[in-house]
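Colleague: quick one, fold the following:
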Amino acid sequence: MEAIARVRNLRGSARKARLVLDLIRGKNIYEAKKILTFSNKRVALNVEKLLDSAIANVSDKEGKTELNGYLVSKAFADDGPIMRRFMPRAMGRATIIRKRTCHITLAISPQDKEA
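Modeller: This is a model prediction of the structure:
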């Protein structure tokens with residue numbers, strides 16, 4: 001049974017979040033948790049919380065406490081709404097500052113026995 005966890009409107013760009021998600025995609029959930037714990041990226045803390053939420057979702061759905069066979073099957077980040085702010089520049093001009101957000105989706109599923 002697949003368990004999905006999502007976070008929406010997370011501050012930070014989706015491009016930077018994808019760097020962290022690429023590290024854990026396809027890994028065992030315990031190995032992914034170790035990678036996120038020791039990652040230097042700021043978004044890694046939020047992804048680690050999201051992984052904990054997905055683990056809680058699967059244990060709530062199936063009532064399992066033994067999760068050794070589960071791996072991160074899907075992990076992706078999409079662009080969220082962009083907050084636009086303006087900064088004054090020379091000669092009366094203004095430039096746009098884009099404060100980006102992203103939506104992160106993480107799914108864990110049991111590992112196939114044949115593989």
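
Colleague: hey, let's count contacts and neighbours off CA atoms from now on
Modeller: Noted.

Colleague: could you look up the SS state of the residue of the chain positioned farthest from its centre?
Modeller: Residue farthest from the centre of the chain, counting by CA atoms, centre = their mean, is Met91 at 41.8 Å. Using DSSP: H, G, I helix; E, B strand; the rest coil, the three-state assignment for Met91 comes out as helix.

Colleague: and Ala3, how many neighbours?
Modeller: Taking other CA atoms under 10 Å as the criterion, the count of residues near Ala3 is 21.

Colleague: surely it and Ala107 touch.
Modeller: Yes - with contact defined as CA atoms under 8 Å, Ala3 reaches Ala107; the gap is 5.6 Å.

Colleague: overlap in contacts, those two.
Modeller: When contacts are counted by CA atoms under 8 Å, 6 or more residues apart in numbering, the set common to Ala3 and Ala107 consists of Ala54.

Colleague: show me the strands in this structure, by range?
Modeller: Taking DSSP state E to define them, one finds strands in the chain at 3-11, 70-79, 83-88, 94-99, 101-110.

Colleague: count of residues packed around Arg8?
Modeller: The number of residues packed near Arg8 is 15, by other CA under 10 Å.

Colleague: one more: the one 5 residues further on?
Modeller: Per other CA under 10 Å, the neighbour tally for Ser13 reads 19.

Colleague: same deal with the one 3 residues further on?
Modeller: Lys16: 15 surrounding residues under other CA under 10 Å.

Colleague: how about the one 10 residues further on?
Modeller: Applying other CA under 10 Å, we find 17 residues neighbouring Gly26.
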